[in-house]
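> Structure for this input, please:
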Amino acid sequence: MRKANAASLDVMDEEAFFIAIAGEQRKLYSIAFSYMRNEADALEIVQEAACRAWMKRKKLKNEQAFVPWLIRITINCCMDELRRKKRVVPTDTFKEEAVQEMKSSDKIDLERAMAKLKKKYRHVVMLKYYQDMTTADIAKVLQKPEGTVKSWLREGLKQLRKYL
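Okay, here's the model as predicted:
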């Protein structure tokens, strides 16, 4: 029975795969948007994540892990894009940043504080408070023990308080 189940994952047909992706599209978009802060970039990330998931679908061994696996791929796509954007800074953004510097709202302050957090803390805080995920779900997505996720969440909130 186990071989048949693994074989069905290895040869997951295209239609079943994209139906499963479509069911999670809103969640993936909201996660991507929380990282990218831009609708076009978030949509592009969701497409990239779906493409990467399709190419790596044979590596998924457990159907129950599909959603956390997909979220992890989406987060990795976001991080890759953010790293890429960090290397290429168009000159237009300097004007925008100067305008934003003059604004002082809670949202901008929170975004700046979130940007100062270490990645591991930022991931946990975003998934918990922006995506309303439980610590157990976050642990599955990040492939870490639940106790670690709780510690990271506590430390992330402590640092946010300090920055705000």
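
> show me where pLDDT drops low in this protein?
1-12, 88-104 (pLDDT under 70).

> in it, which spans are helices?
For the chain, the helices defined by DSSP state H cover 2-10, 14-36, 39-55, 66-87, 92-102, 106-116, 119-125, 135-142, 146-163.

> Could you export the ones you listed to CSV, including columns for mean neighbour count?
For every residue, glycine as well, the C-beta is placed using N, CA and C. Converted to CSV, the helices of the chain look like this (neighbours: other CB atoms under 10 Å):
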stretch, mean neighbour count
helix 2-10, 11
helix 14-36, 16
helix 39-55, 17
helix 66-87, 17
helix 92-102, 9
helix 106-116, 12
helix 119-125, 20
helix 135-142, 19
helix 146-163, 15
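
> Touching, A113 and K158? I think so.
No. The pair A113 / K158 is not scored as a contact, 11.7 Å apart, by CB atoms under 8 Å.

> Roughly how far does the residue lying closest to I71 once chain neighbours are set aside sit from N76?
Among residues not flanking I71 along the chain, V141 sits closest, at 4.7 Å (CB to CB, 6 or more residues apart in numbering). Separation of V141 from N76 (CB to CB, to the nearest Å): 11 Å.

> A65 now?
15 Å.

> before we move on, what about W152?
18 Å.

> And T148, by the same measure?
19 Å.

> Who are the contact partners of E24?
With contact taken as CB atoms under 8 Å, 6 or more residues apart in numbering, E24 is in contact with V67, L70.

> Actually, I71.
Applying CB under 8 Å, 6+ apart, the residues near I71 are K27, L28, I31, L127, V141.

> Which one of these is nearest to W69?
Distances from W69 to those, taken as CB to CB, are shortest for V141 (8.3 Å).

> Go ahead and confirm the closest one touches I73.
No. Applying CB under 8 Å, one finds V141 not in contact with I73, separated by 10.0 Å.
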